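A.B. asks: Sequence unavailable; structure follows:
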């Protein structure tokens with residue numbers, strides 16, 4: 001599944017290996033990863049700088065969690081498209097993320113096809 005060339009993505013996760021894996025999957029499918037952040041505070045700053053088409057966002061991160069960042073991001077930019085990528089499989093976390101405006105929730109370890117499907121749907 002290939003993406004339109006204009007699809008620009010911000011990847012946010014506190015684990016370097018996870019950011020690398022997400023970048024490889026997304027760029028391999030034709031998306032442009034414009035920036036990477038390691039916590040929710042960086043996610044908010046990088047969103048303002050790059051104005052990406054979509055953000056992948058981890059939930060458990062230092063300083064500002066993914067859910068806190070999602071809440072603030074959607075308050076400032078209701079049009080922001082976010083796909084949460086997390087190892088938290090708790091239904092409460094999933095429902096909270098969707099309730100805050102995430103377009104989808106992908107569980108880690110990330111299955112490339114599931115990530116790309118979630119991203120494609122969120123960008124439609």
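C.D. replies: Arrived safely. Computed from a predicted model, the values in this text were never measured in an experiment. Numbers count the residues shown, from 1 in each chain.

A.B. asks: how about the helix or strand hosting residue 114: buried residues?
C.D. replies: Assigning secondary structure by DSSP states H and E places residue 114 in helix 112-123. For helix 112-123, the neighbour count (16 or more other Cβ atoms under 10 Å) marks 115-116, 118-120, 122-123 as buried. Any C-beta I mention is one placed from the backbone N, CA and C, and that applies to glycine too.

A.B. asks: What of stretch 58-71?
C.D. replies: Quick answer for stretch 58-71 (16+ other Cβ under 10 Å): 58-59, 61, 64-71.

A.B. asks: next one: stretch 15-35
C.D. replies: 18-19, 21-23, 25-26, 29, 31, 33, 35.

A.B. asks: Any chance of a markdown table for those residues, columns pLDDT?
C.D. replies: Listed next are the buried residues of stretch 15-35 as a markdown table, based on pLDDT from 0 to 100:
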| residue | pLDDT |
| --- | --- |
| 18 | 97 |
| 19 | 98 |
| 21 | 98 |
| 22 | 98 |
| 23 | 98 |
| 25 | 98 |
| 26 | 98 |
| 29 | 96 |
| 31 | 96 |
| 33 | 98 |
| 35 | 98 |
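
A.B. asks: Of these, which belong to helices?
C.D. replies: 18-19, 21-23, 25-26 (DSSP state H).

A.B. asks: Distance from the worst-scoring helix or strand of the chain on mean pLDDT to the middle of the chain?
C.D. replies: Sorting the helices and strands of the chain by mean pLDDT, DSSP states H and E puts helix 91-99 at the bottom, at a mean of 90. Put simply, helix 91-99 sits 15 Å off its chain's centre (Cα atoms, centre = their mean, to the nearest Å).

A.B. asks: after it comes which helix or strand?
C.D. replies: Heading C-terminal from helix 91-99 (DSSP H and E), you reach strand 104-107.

A.B. asks: Which strands or helices does that next one pack on?
C.D. replies: strand 82-86, helix 91-99, helix 112-123 (3 or more Cβ pairs under 8 Å, 6 or more residues apart in numbering; DSSP states H and E).

A.B. asks: on that earlier part again, so how far is the helix holding residue 114 from its chain's centroid?
C.D. replies: 11 Å.
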